[in-house]
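> After the sequence you'll find the predicted model.
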Amino acid sequence: MQEKSPHTPDQQAVRAQDEDAATHALTEQLLQLDGPGLNHYPAPVAVIAADGHVIAGNIPFFQKDGLCLADRSGLAAPVRACLDAVLGLGRHTRCSVPGPDGMLVFDLSALPLAGMPAHWLLQATEATVEVSMRNALIESRARYMDLVSLSGESAWETAADGCFTFVTPNGIAGFDPRQLIGLHPVRLLDPGRAAPTVLPFTTPQALSHIDLWVRHAEGQSLCFEISAVPLYDEAGVWQGARGICRDVTEDRRNRAYLAELRSNERLLARITEVFRQKSNPDDMLTAAADACLQGLAASGCQVLGVTGGQGEGAHLVPLVSVGSQGEAESTLTASRDDDFDRKVRIVTENGWSVLIAPTIYGGRLIGAIMLWRNPTQAAWNDQEAQLIGTLAGQLAAAIDQRAEYLRLLDASRTDPLTGMYNRRAFDDELQRRLNRLDRDRRRAALLYVDLDNFKTVNDLRGHDVGDEALRHLADILRTNTRSTDLLARLGGDEFAVLLEDVSELDSVKRAKTFLLAGSALAQYSGNAAKPLQMSIGIAPYDPDKRESVTALLKRADAAMYHVKRSGKGNYAMAPPPGDGT
């Protein structure tokens, strides 16, 4: 059975008329542009039909370019195209329309009007500035990311817990951003380097161009230059940091290499200047060793020379030594005594690191330079070994100069015929020994030896026989004295012997020994009537008398001439100084 409507046809007609009246009244109210209707709303708003027909709108709606047609009867094409997206409860969309200075952006939303079927309240909120700023921010961020990427830098941010919250796509130290997000930056630090005072990733203050050594994902050590700023909230509470970093490992290594080169150049220049300022080769080598000790942070340094020739018997002996050896003496000795080749060597034993480099001059091995470091210092490395090799080349000339200097000095102080000291060297050495005797309160005796009838040998048998006789006398004196005694040829056929730590009786015994051995000189005599023999004058030395070298020689010489005047071939004792003789 068909259900009947609760209202009669007449009642339904009345109801429809009432609804039309209400709709008409609401429409009239909305259309009151000078009343409290749509114009009271500050943003563009309009009443539209489903077909896009504009029923009513406020002044901002009609004044905004691009929202409606010129005759205000309908929506502009871009807005009309978005109509289907916005019609319905809570539906909204964004629409771009052309304006006099470019595109305008509106956020559109529509609400159905109660009591007005198929009519909606369309609201248009302009978002041009917001969108422009957002686009500018996005573009700026993209540009920043591009610049960071092109510069080889990595940008990052950390949070209040110190962990990474953002890392640019190129990552840091070989780590992908996904590996770093949530990771604390301290995990990146190189454990082989000293930890920084302030970690840039968690800095409470702005930092600029700070070097930080980190460990690469593959294990190698890298240096990053980091600039960072802290992040604080409105209450002043630290919330993290952000910054940039770039790999400067190669640059820092190049800087270190150049700094080392400059340091090496200064060291070489210093040694060269030392060579120019010092005239004595021993002073040159000592100053050079001291410069190496200071310039290379060594515990000690020795400059060595070769003795025993160039064959198997050759070995190294210290010429000068500076610094301390401590417990390294055995290591140093072993390093010197090893089979030495012509290459720089690094020897490590018991924690001591020894660097030894040969000095080659004229193709000959003439010595070496040796430096050492104690166990608390870093061991020598290949770069330092290369520098020492260069320094050894500089020292080679000084070592050779020293050897030549000593040869010349020895020649200037040595009698070429006998190999004994000459008069000049004897006077210098006698003065030095007398000073020591005075200091130690020890006695000595000076024997002045002269050959009798030597002129007859040269005149009758020639100078060659005379030279042979002088060499024979030198052998007699050397054979019958101690290695500590001082012997010299003073000139011609005059010789002198200083005997230390002897009494007058001992000096007489030694003179008698000389005379007895000197009987062999008769074979060189010019004739039997004038045999070649010795006359000896003895001058005891008493440290209490403070006698000069000249006075001592004079006393011994006077005693010798006393023997000659008394028949020759004997000895005589000089009176003490101050007795008028």
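Yep, it's here. Residues are numbered from 1 along each chain as shown.
> Excluding chain neighbours, what is closest to Phe495?
Val449 (4.2 Å; Cβ to Cβ, 6 or more residues apart in numbering). C-beta coordinates here come from the backbone N, C-alpha and C atoms, glycine included.
> That neighbour - how many residues pack around it?
26 (other Cβ atoms under 10 Å).
> Spit out the contact partners of it.
By Cβ atoms under 8 Å, 6 or more residues apart in numbering, the contact list for Val449 reads 473, 477, 494-497, 514, 534-536, 560.
> Which of the residues you listed lies at the shortest distance from Arg424?
Nearest to Arg424 among these, counting by Cβ to Cβ, is Ala496 at 12.7 Å.
> Tell me if I'm right that Thr93 and Leu87 touch.
No - if you go by Cβ atoms under 8 Å, Thr93 and Leu87 don't touch, sitting 10.3 Å apart.
> Could you list the domains of this structure?
The chain breaks down into these domains under automatic domain parsing: 9-126, 134-247, 279-406, 423-573.
> nearest to Leu261, of the ones you listed?
Closest among these, using Cβ to Cβ: domain 279-406, at 9.4 Å.
> starting at the chain centroid, how far to the closest one?
How far domain 279-406 lies from its chain's middle: 22 Å, per Cα atoms, centre = their mean, to the nearest Å.
> Let's test this: mean pLDDT of it, rounded?
Domain 279-406 shows a mean pLDDT of 80.
> sorry, back to before: would you single out the least confident of the domains of the chain?
When I compare the domains of the chain, domain 9-126 is least confident, with a mean of 75.
> just to revisit the earlier point, only whichever of the contacts of Val449 are buried, select them in ChimeraX.
Entered in ChimeraX, the line below selects the buried ones among the contacts of Val449, by 16 or more other Cβ atoms under 10 Å:
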select :473,477,494,495,496,497,514,534,535,536,560
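> ok so, going back, what's the closest of the domains of the chain to Glu273?
It's domain 279-406; of these, that one is closest to Glu273 (Cβ to Cβ) at 9.3 Å.
> after the helix or strand hosting Glu265, next one along is what?
For Glu265, the host element (DSSP states H and E) is helix 249-277. Using DSSP H and E, the helix or strand that directly follows helix 249-277 along the chain is helix 281-295.
> Report all helices and strands that the helix or strand following that next one contacts.
For helix 281-295, the following helix or strand on the C-terminal side (DSSP H and E) is strand 300-307. With contacts defined as 3 or more Cβ pairs under 8 Å, 6 or more residues apart in numbering; DSSP states H and E, the packing partners of strand 300-307 are helix 281-295, strand 315-323, strand 364-373, helix 382-413.
> For strand 300-307, buried residues please.
Within strand 300-307, the residues that qualify as buried are 300-306, counting by 16+ other Cβ under 10 Å.
> Can you tell me which of those residues is closest to Gly74?
For those, the nearest to Gly74 is Cys301 (100.4 Å; Cβ to Cβ).
> Could you check which helix or strand contains Tyr561?
helix 549-565.
> what residues are up against Arg471?
Counting by Cβ under 8 Å, 6+ apart, Arg471 has contacts 417-418.
> State the distance from it to Asp493.
Here the criterion is Cβ to Cβ, to the nearest Å. By it, Arg471 lies 12 Å from Asp493.
> burial count for Pro191?
Neighbours of Pro191 (other Cβ under 10 Å): 8.
> In contact with the residue lying closest to it once chain neighbours are set aside, which residues?
Of all residues not flanking Pro191 in the chain, Arg215 sits nearest, at 7.2 Å (Cβ to Cβ, 6+ apart). Residues near Arg215 by Cβ under 8 Å, 6+ apart: 173, 188-191, 221-222.
> could you flag which of the residues you listed are buried?
Buried positions within the contacts of Arg215, assessed by neighbour count (16+ other Cβ under 10 Å), are 173, 188-190, 222.
> so where do the strands sit in the stretch 401-550 of the chain?
Along the stretch 401-550 of the chain, the segments classed as strands by DSSP state E, counting those that start in this stretch run 444-452, 486-491, 494-500, 533-541.
> Would you mind putting those into TSV with distance to Glu139 alongside?
Converted to TSV, the strands of the stretch 401-550 of the chain look like this (distance: least, Cβ to Cβ, whole Å):
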stretch	distance to Glu139
strand 444-452	103
strand 486-491	98
strand 494-500	100
strand 533-541	105
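> Just the residues contacting stretch 167-179, thanks.
Residues from elsewhere that reach stretch 167-179 (Cβ under 8 Å, 6+ apart): 145, 148-149, 154-157, 180-181, 188, 214-218, 222, 224, 245, 247.
> mind listing which of those are in strands?
Per DSSP state E, strands hold the following members of the contacts of stretch 167-179: 154-157, 214-215, 222, 224, 245, 247.
> Filter the residues you listed down to the buried ones.
Counted by 16+ other Cβ under 10 Å, the ones in strands among the contacts of stretch 167-179 give 154-157, 214-215, 222, 224, 245, 247 as buried.
> Which single one of those residues is nearest to Ala368?
The nearest member of those to Ala368, counting by Cβ to Cβ, is Leu222 at 38.8 Å.
> pretty sure the closest one contacts His216?
Yes - with contact defined as Cβ under 8 Å, Leu222 and His216 form a contacting pair (5.2 Å).
> what's the burial count for the spatially closest residue to Arg270 that is not a sequence neighbour?
Spatially, and ignoring its direct neighbours in sequence, Arg270 is nearest to Ala291 (5.1 Å; Cβ to Cβ, 6+ apart). Neighbourhood size, Ala291 [other Cβ under 10 Å]: 21.
> So Ala291 sits against Ile271, correct?
Yes - using Cβ under 8 Å, Ala291 is in contact with Ile271, at 5.4 Å.
> Could you count how many residues lie near the nearest residue to Arg413 once chain neighbours are set aside?
Nearest residue to Arg413 in three dimensions, chain neighbours excluded: Ala425, at 3.3 Å (Cβ to Cβ, 6+ apart). A count of nearby residues for Ala425, using other Cβ under 10 Å, gives 18.
> Other residues contacting stretch 91-105?
Taking contacts as Cβ under 8 Å, 6+ apart, the residues outside stretch 91-105 that touch it are 64-67, 76, 78-79, 81-82, 85-86, 106-110, 124, 126-128, 130-131.
> Go again with 6 Å.
Residues from elsewhere that reach stretch 91-105 (Cβ atoms under 6 Å, 6 or more residues apart in numbering): 65-66, 78-79, 82, 85-86, 106-109, 127-128, 131.
> Inside strands: which ones of those?
Reading strands off those with DSSP E, I get 106-109.
> Present the residues you listed as CSV; the columns should include distance to Ile346 and neighbour count.
Shown next, in CSV, are the ones in strands among the contacts of stretch 91-105 (distance: Cβ to Cβ, whole Å; neighbours: other Cβ atoms under 10 Å):
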residue, distance to Ile346, neighbour count
Phe106, 79, 25
Asp107, 77, 17
Leu108, 81, 21
Ser109, 82, 17
